[in-house]
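Asks: no FASTA, just this:
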């Protein structure tokens, strides 16, 4: 390609009216010409002055492009000799190596990736009636938070803008340890509290450090799909253990095969809401001690109980240091905060803190410092008390709406605590189909059957989150849902 032809070729690919800067357009055009062998190796490019004149652009633009292409290895520039196209042919060192034939597949995902997505439960909608598990973020005391954050910024400590220390910001660990001791009966010191981004990361870290691929783990059936996905993605073998009125209920056959881990929600079973009995708690703790199994206790929604005071944690009864206690502040404050915590036995405190820093290079120390101030100054406790009243009132309004449309005796599960309840449905009703139809009508809910691992024991129902629905909208929103349910066979 002669210089004149090159200038014409480039001119066709440069549009001065385009929002992309001229240097970027010229750089992309020359790079493309070299890769397509329109410009052969060794070819001398026009001088920056000449090319600028022919294209009607600034010479500095051309110089900038030539320098960038030289930096990337597309051209070579010699002092006084001009700019030449470099030899950019691919390295052929593997030309003599016999390569295995790839298996024909149109599926880019791995088998593990396909299993993860096939079981995915995440919803595209995260707000409104009746999204489960979402707090009313409109009630978050943002002015207080903003004031605390501004104070931290005015008196900024440089380390708060660096990576977080292993385990998280120590003042936050200290105030959380104090809160968990007093409010949840957790036995811990600050060093045992590890700050994470939430339940998923906490479970993931415990799985990485305390199990190997192929190990067996017990999960409740039904259980939260998110942690089930975390464990499956880690290569663990999941055994689903049915729950009864007292919580997880392993059979003699189950007990004869001790798992590496057990994931339980003793204070508020998710999603059905029952509380694990004292007898069942003591049995699990003794079983874990004798078999050296680990118990991961997910303390789900424990702050929001409407019929009694919050219950003590299973971890507080653990004499053998076999319980990993995990929790999140997203349901209390707002989900986007992405701050969770885990309480580990003393012997695991340093390994877990170091592993968290090694694997994830945690940050957000400034946000953790603001949160520590928020808790220490009493705003956290005050917010919980306010929201317990708000959510209790919304629960009552939803219960009244259910009674209006289906009668006072209609089965409802898990309404004594948390941010959702379960509306029972007859076995012949397809709750997944109901959830899809409700979403098309503008109402978001989750089918209860999707939380089961499978089999004939699946109960049918709908998870209804009431926390993020304004009082005045609960009755009308449920009327829409009730119409959908009745249209599909109830």
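Replies: Nice, thanks for sending it over. Everything numeric here is computed off the predicted structure, so don't read it as measured data.

Asks: which other helices and strands contact the helix or strand harbouring residue 230?
Replies: Taking DSSP states H and E as the definition, one finds residue 230 inside helix 225-233. Secondary-structure packing of helix 225-233 (3 or more CB pairs under 8 Å, 6 or more residues apart in numbering; DSSP states H and E): helix 111-118, helix 199-210, strand 216-221, strand 237-244. All C-beta atoms are positioned from the backbone trio N, CA, C, and that covers glycine.

Asks: which residues sit against it?
Replies: Identification of contacts with helix 225-233 by CB atoms under 8 Å, 6 or more residues apart in numbering yields 112, 115-116, 119-122, 199-200, 203-204, 207, 217, 219, 238, 263, 298, 450-451, 453.

Asks: just the buried ones among those residues, please.
Replies: The neighbour-count test (16 or more other CB atoms under 10 Å) applied to the contacts of helix 225-233 identifies 199-200, 203-204, 207, 217, 219, 238, 263, 298, 450-451, 453 as buried.

Asks: now distance to residue 438 and pLDDT too, for these, in TSV please.
Replies: TSV is the format used below for these (distance: CB to CB, whole Å; pLDDT from 0 to 100):
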residue	distance to residue 438	pLDDT
199	26	93
200	26	93
203	30	95
204	32	95
207	34	95
217	33	96
219	27	95
238	29	94
263	29	97
298	27	94
450	14	91
451	17	91
453	24	86
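
Asks: now tabulate the residues you listed in CSV and tack on distance to residue 390.
Replies: Shown next, in CSV, are the buried ones among the contacts of helix 225-233 (distance: CB to CB, whole Å):
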residue, distance to residue 390
199, 23
200, 27
203, 29
204, 32
207, 35
217, 36
219, 32
238, 36
263, 30
298, 24
450, 28
451, 26
453, 34
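
Asks: out of those residues, which is nearest to residue 341?
Replies: residue 199 (9.8 Å; CB to CB).

Asks: please tell me how far the closest one sits from residue 166.
Replies: Going from residue 199 to residue 166 by CB to CB, to the nearest Å gives 20 Å.

Asks: can you check residue 18 too?
Replies: Separation of residue 18 from residue 166 (CB to CB): 49 Å.

Asks: looking at those two, which one has more neighbours?
Replies: Counted by other CB atoms under 10 Å, residue 18 and residue 166 do not tie: residue 166 has more neighbours, with 17 against 10.

Asks: that one contacts residue 359, correct?
Replies: No - with contact defined as CB atoms under 8 Å, residue 166 does not count as touching residue 359 (11.0 Å).

Asks: and the residue nearest the centre of the chain, what is it in contact with?
Replies: The residue lying closest to the centre of the chain (CA atoms, centre = their mean) is residue 200, at 6.1 Å. Under the criterion of CB under 8 Å, 6+ apart, the contact list for residue 200 reads 226-227, 230.

Asks: output those as CSV; include the columns neighbour count, distance to residue 192 and pLDDT.
Replies: Below are the contacts of residue 200 laid out as CSV (neighbours: other CB atoms under 10 Å; distance: CB to CB, whole Å; pLDDT from 0 to 100):
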residue, neighbour count, distance to residue 192, pLDDT
226, 16, 24, 87
227, 23, 21, 88
230, 22, 22, 90
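
Asks: residue 252: which of those residues is nearest?
Replies: The nearest member of the contacts of residue 200 to residue 252, counting by CB to CB, is residue 227 at 26.0 Å.

Asks: would you mark the buried spots in the biggest helix by length in the chain?
Replies: If you go by DSSP state H, the chain has its longest helix at helix 379-406. Neighbour-count burial for helix 379-406 flags 379-380, 383-384, 387, 391, 394-395, 397-399, 401-402, 405-406 (criterion: 16+ other CB under 10 Å).

Asks: care to break the protein down by domain?
Replies: 3-85, 157-377, 382-487 (automatic domain parsing).

Asks: follow-up on the earlier one: lowest mean pLDDT across the helices and strands packed on helix 225-233, which one is that?
Replies: If the helices and strands packed on helix 225-233 are sorted by mean pLDDT, helix 111-118 sits at the bottom with a mean of 74.

Asks: so that one versus helix 225-233, what angle?
Replies: 170 degrees (axes from the mean of the first three to the mean of the last three CA atoms, to 10 degrees).

Asks: show residues contacting the next helix or strand after helix 111-118.
Replies: Where DSSP H and E defines the elements, the next helix or strand beyond helix 111-118 is helix 142-154. Helix 142-154 has contacts (CB under 8 Å, 6+ apart) with 160, 366, 369-370, 373-374, 377, 379.

Asks: wait, which of the helices and strands packed on helix 225-233 is closest to residue 284?
Replies: Residue 284 sits nearest to strand 216-221 of all the helices and strands packed on helix 225-233, at 9.7 Å, using CB to CB.

Asks: which other residues reach the closest one?
Replies: 207, 211, 227-228, 231, 236-243, 247-248, 250, 254, 257, 259-265, 269-270, 452-453, 457.

Asks: ditto for stretch 422-437
Replies: In contact with stretch 422-437 (CB under 8 Å, 6+ apart) are residues 271-273, 402, 410-414, 445-450, 459-464, 484-485, 487-490.

Asks: related to what we said a few turns ago, need the helices and strands packed on helix 225-233 in JSON lines (columns: distance to residue 29).
Replies: Formatted as JSON lines, the helices and strands packed on helix 225-233 follow (distance: least, CB to CB, whole Å):
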{"stretch": "helix 111-118", "distance to residue 29": "38"}
{"stretch": "helix 199-210", "distance to residue 29": "45"}
{"stretch": "strand 216-221", "distance to residue 29": "56"}
{"stretch": "strand 237-244", "distance to residue 29": "54"}
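
Asks: circling back to that earlier point, save the contacts of helix 142-154 as TSV, and put in secondary structure, pLDDT and distance to residue 348 too.
Replies: Below are the contacts of helix 142-154 laid out as TSV (DSSP: H, G, I helix; E, B strand; the rest coil; pLDDT from 0 to 100; distance: CB to CB, whole Å):
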residue	secondary structure	pLDDT	distance to residue 348
160	helix	90	27
366	helix	93	27
369	helix	95	25
370	helix	96	28
373	helix	97	28
374	helix	97	28
377	coil	96	31
379	helix	96	31
